[in-house]
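**Student:** the following block contains a protein sequence and its predicted model.
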Amino acid sequence: MKNIVIKLAKNNIELAQILELQEANYIQNVSVDKRDFNGFVIVKHSLDLLKKMNTTAPQIVAVDNGHVVGYALVMLKEISGMIPVLKPMFLMFEKILFNGKPLNSYNYYVMGQICIAEKYRGQGVFELLYEKHKAINAKKFDFCLTEVSVKNIRSMKAHEKVGFKIIKTFKDETDTWNILLWDWK
């Protein structure tokens, strides 16, 4: 792990490498027997969408010898309409109270997706990506939100280890989800 650098994505090559890693870990491309152990991602992005996301907020990548081996995407509220499959999550945010106030009254961003290449898992890359998120964003935002499928046991355990707490569980037409919040205040 000594060669891994956690940094902001700077160019289209790195964004394209995010898409390659995303494709390899997309739920339909991961065998059912490997999903519990390896985890999976549910949303596919396009290069154009990643470029837009990267201009609104820097995307964070783990790079080993010039190749992206992990990523943690930042999704600001303004991007929510560009990913239709995430609409139920954003609608749910409007209904949730945190410390007696609606989530939407806080300044937050969403962890758009996090993924680590298989051979780099279990080596602390996940935690390093989130540490970078906190270092960059904790002064600008109250917290980070994300949602994880209840079926994605590996991801749930990893998020809880970092400090995320479940604030709501809900079901939509695709799955049952845990909404997680990492409070920075």
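**Tutor:** Great, that's in hand.

**Student:** for N29, which non-adjacent residue is spatially closest?
**Tutor:** Nearest non-adjacent residue to N29, counting by C-beta to C-beta, 6 or more residues apart in numbering: E23, 6.6 Å away. Backbone N, C-alpha and C define where each C-beta goes, glycine included.

**Student:** okay, now the unreliable bits of this protein?
**Tutor:** Residues of the chain meeting the criterion pLDDT under 70: 1, 36-37.

**Student:** show me the strands in it, by range?
**Tutor:** Counting by DSSP state E, the chain has strands at residues 4-8, 60-64, 67-75, 97-98, 101-102, 108-116, 143-149, 165-171, 176-183.

**Student:** looking at these, which is nearest to V41?
**Tutor:** Of all the strands of the chain, strand 108-116 sits nearest to V41, with 5.4 Å by C-beta to C-beta.

**Student:** okay, buried residues for that closest one please.
**Tutor:** Of all the residues in strand 108-116, those buried under the rule 16 or more other C-beta atoms under 10 Å are 108-116.

**Student:** packing partners for it?
**Tutor:** Judged by 3 or more C-beta pairs under 8 Å, 6 or more residues apart in numbering; DSSP states H and E, the packing partners of strand 108-116 are helix 12-24, strand 67-75, helix 125-137, strand 143-149.

**Student:** how far off centre is that strand?
**Tutor:** Relative to the centre of its chain, strand 108-116 is centred 2 Å away, using C-alpha atoms, centre = their mean, to the nearest Å.

**Student:** which residue packs closest to the residue nearest to the spatial centre of the chain, ignoring adjacent ones?
**Tutor:** Closest residue to the average C-alpha location of the chain: Q113 at 2.5 Å, with C-alpha atoms, centre = their mean. Distances taken as C-beta to C-beta, 6+ apart place L73 nearest to Q113, at 4.8 Å, with adjacent residues excluded.
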